[in-house]
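Peer 1: Next one to model:
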Amino acid sequence: MPNLHATDGLRAHLTVGDRVVVKDNNKMDLGKIIKAHGDSRISVSLFSCVTSTLLLQHSLAPVTETESPLEVKSGMAEVILTQNTIKISRLSIVDIAFIVPLAELDSGFFHLTGAVNTFFACYQYKPNGTISPYLHFMLQARVAPPVSYQIFIGLNMLSSLVKKTLFHQPEDQSTTKTFRMSLCYNTFFFLWSKFLNNINAILNKLDWTQRVVQYFDDLSMKSSCWYNQVFVIPILTTAALTLLRKC
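Peer 2: Reported below is the predicted structural model:
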C-alpha cells in the first residue's frame, strides 16, 4: 500500500491556514500558508522565536511557570507571527507545525505536550510594527478545516487517551490489557509517515468482515456482508511509545 501521507502527500494537500515547517535557503522556518498559487507555489507568513530582547523592547512580560505551567514544563517554545512573507515552492515544506494560542493551551483541551513540532503563540505583529494578542483559535468551528487542523484534533484525542491509560498502568510494568482507537484517514497516515522504516512500529493490514442488515417498508429484510481492510499500528514497546509521543 502506498504511503499516502508521507512528505510528498502532505505537500500536495496542505492549504491556506495550515501551519508548516519550511526550508528556505538552507534555513528552517515556521510559517502559516496565506495563499496557494496555481504553479505549485505558496505564500507563507513567517513566525519567529520570542526573545528576551523583544519582550523588553515592547514592555511585555515572559510566560512563567506559575501562570502557564503546561507549556513551560513541557518545554514548548514561544513564537510570534511576523509581517514577513515569502513565496516558495511546495517542495520546501518539511513538516506540519502545531502553533497553538496561549489562551487555548490554558483551556484544558490541549494534550500534545510531547510533540516535537508544537509551539505556542501569545502575540503577533501589526502592520505598524506594534504587537497585539494572537487571536487565532484552532478549536473554532470551520466549514472546510485545514489538513493540519484535522490531524491536530486526531492527535490531541490520541494523546489524551494515552495519558488516561498510563495513569492507571505504569509504563515499566507488562500488561495484557489493550485499548484501541480509531483515527481519521489524515491523522492515521500522518502517524504512519512518521513511523515509516522504523523497526519499533509496524503497519498491519487486517481483513474485516462486517454484516449489515437492511430493513424495508414491507417488513422484509436483507442481510449482506461487507469486506473491509483495516490498517493497524500496534504500540507494544516502550520504544514505540516514545516514538509516538514525538509525533
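
Peer 1: ok, the residue lying closest to T130 once chain neighbours are set aside to V50 distance?
Peer 2: Once flanking residues are discounted, T130 sits nearest to H58: 7.6 Å by C-beta to C-beta, 6 or more residues apart in numbering. Every residue, glycine included, has its C-beta placed from N, CA and C. Counting by C-beta to C-beta, to the nearest Å, the separation of H58 from V50 is 10 Å.

Peer 1: Out of these two, name the residue with the larger neighbour count.
Peer 2: Remark: of H58 and V50, V50 carries more neighbours, 20 against 13, as counted by other C-beta atoms under 10 Å.

Peer 1: Within the helices and strands, which one has the nearest residue to that one once chain neighbours are set aside?
Peer 2: Take V50 and drop its neighbours on the chain: the residue closest to it by C-beta to C-beta, 6+ apart is E78, 4.3 Å away. If you go by DSSP states H and E, E78 is part of strand 77-89.

Peer 1: quick one: contacts for G31?
Peer 2: Residues near G31 by C-beta atoms under 8 Å, 6 or more residues apart in numbering: R19, V20, V22, V44, S45, L46, F47, I86, A97.

Peer 1: Neighbours of the nearest residue to G17 once chain neighbours are set aside, how many?
Peer 2: In space, and not counting its chain neighbours, G17 is closest to P146: 4.1 Å by C-beta to C-beta, 6+ apart. If you count neighbours by other C-beta under 10 Å, P146 ends up with 20.

Peer 1: likewise the one 10 residues further on?
Peer 2: N156 is surrounded by 20 other residues when neighbours are defined as other C-beta under 10 Å.

Peer 1: ok so it is a helix residue?
Peer 2: Yes: applying DSSP: H, G, I helix; E, B strand; the rest coil, one finds N156 inside a helix.

Peer 1: Please tell me I have it right and it contacts T118.
Peer 2: No: contact criterion C-beta atoms under 8 Å: N156 and T118 do not qualify, at 10.3 Å.

Peer 1: CA atoms only for the helix or strand hosting F189, dumped as PDB, please.
Peer 2: Counting by DSSP H and E, the element that carries F189 is helix 185-195. What follows is helix 185-195, C-alpha atoms only, in PDB (Å, rounded to 0.1, in the frame of the first residue of the first chain):
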ATOM      1  CA  TYR A 185      -7.700   9.000   7.500                       C
ATOM      2  CA  ASN A 186      -5.500  12.100   7.500                       C
ATOM      3  CA  THR A 187      -4.300  11.500  11.100                       C
ATOM      4  CA  PHE A 188      -3.600   7.800  10.700                       C
ATOM      5  CA  PHE A 189      -1.400   8.200   7.600                       C
ATOM      6  CA  PHE A 190       0.400  11.200   9.100                       C
ATOM      7  CA  LEU A 191       1.400   9.000  12.000                       C
ATOM      8  CA  TRP A 192       2.400   6.200   9.700                       C
ATOM      9  CA  SER A 193       4.600   8.600   7.700                       C
ATOM     10  CA  LYS A 194       6.500   9.300  10.900                       C
ATOM     11  CA  PHE A 195       6.900   5.600  11.700                       C
END
